[in-house]
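J.: Okay, here's the prediction I keep looking at, along with the sequence it came from:
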Amino acid sequence: MPNTYAWQVLNLDVYCQVGELHDVVYAVDWRRVADDGSNHAGVVAGRTALGNLDVDNFTPFPELTKAQVEGWVEQQIGTDGLAALNATLDQQITEQIAPTIEHLAPPWV
């Protein structure tokens with residue numbers, strides 16, 4: 001089964017006021033999670049600064065949707081960045097399935 005990926009939006013940092021606009025989002029704190037459907041999961045966290053404010057397409061804070069904010073993050077990260085995040089998550093899951101390193105207690109304990 002292929003891994004499934006999802007965003008978790010943790011916080012939205014806003015400017016209280018920009019001109020006539022209020023609660024203008026300028027950065028997103030997020031987690032990207034993956035699950036293989038068999039009890040293995042991966043997680044990466046980050047913060048993405050958003051680009052310049054598009055006054056003509058401004059959405060009031062109470063009207064923001066999860067999909068919209070996720071789209072902003074993906075746009076800033078780009079296709080290659082998103083692929084790199086997913087590859088990191090895939091590697092975390094692979095390491096859980098077939099570990100290449102172990103943490104062992106000292107033999108004298």
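T.: Received the coordinates, thanks.
J.: CA only for contacts and neighbour counts going forward, please
T.: Will do.
J.: Could I get the full set of helices for this structure?
T.: Using DSSP state H, the helices found in the chain span residues 66-97.
J.: residue ranges with poor pLDDT in it?
T.: Nowhere does the chain drop to pLDDT under 70.
J.: That one: strands as residue ranges?
T.: 4-18, 21-35, 41-49 (DSSP state E).
J.: Determine which stretch of those strands is the most buried.
T.: strand 21-35 (a mean of 18; mean count of other CA atoms under 10 Å).
J.: Who does that one pair with, and is each partner parallel or antiparallel?
T.: strand 4-18 (antiparallel), strand 41-49 (antiparallel) (DSSP bridges).
J.: I'd say Trp30 and Arg47 touch.
T.: Yes: using CA atoms under 8 Å, Trp30 is in contact with Arg47, at 6.1 Å.
J.: re earlier: with distance to Ile101 added, can I get the strands of the chain in JSON lines?
T.: As requested, the strands of the chain are exported to JSON lines (distance: least, CA to CA, whole Å):
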{"stretch": "strand 4-18", "distance to Ile101": "25"}
{"stretch": "strand 21-35", "distance to Ile101": "21"}
{"stretch": "strand 41-49", "distance to Ile101": "16"}
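J.: now for those strands, which one comes closest to Gln75?
T.: strand 41-49 (10.1 Å; CA to CA).
J.: Contacts only, for the closest residue to Asp29 other than its chain neighbours.
T.: Leaving aside its sequence neighbours, Asp29 sits nearest to Arg47 (CA to CA, 6 or more residues apart in numbering; 4.4 Å). Contacts for Arg47 (CA atoms under 8 Å, 6 or more residues apart in numbering) come out as Ala27, Val28, Asp29, Trp30.
J.: Which two among these are spaced furthest apart?
T.: Top of the distance list for the contacts of Arg47 (CA to CA): Ala27 and Trp30, 9.8 Å.
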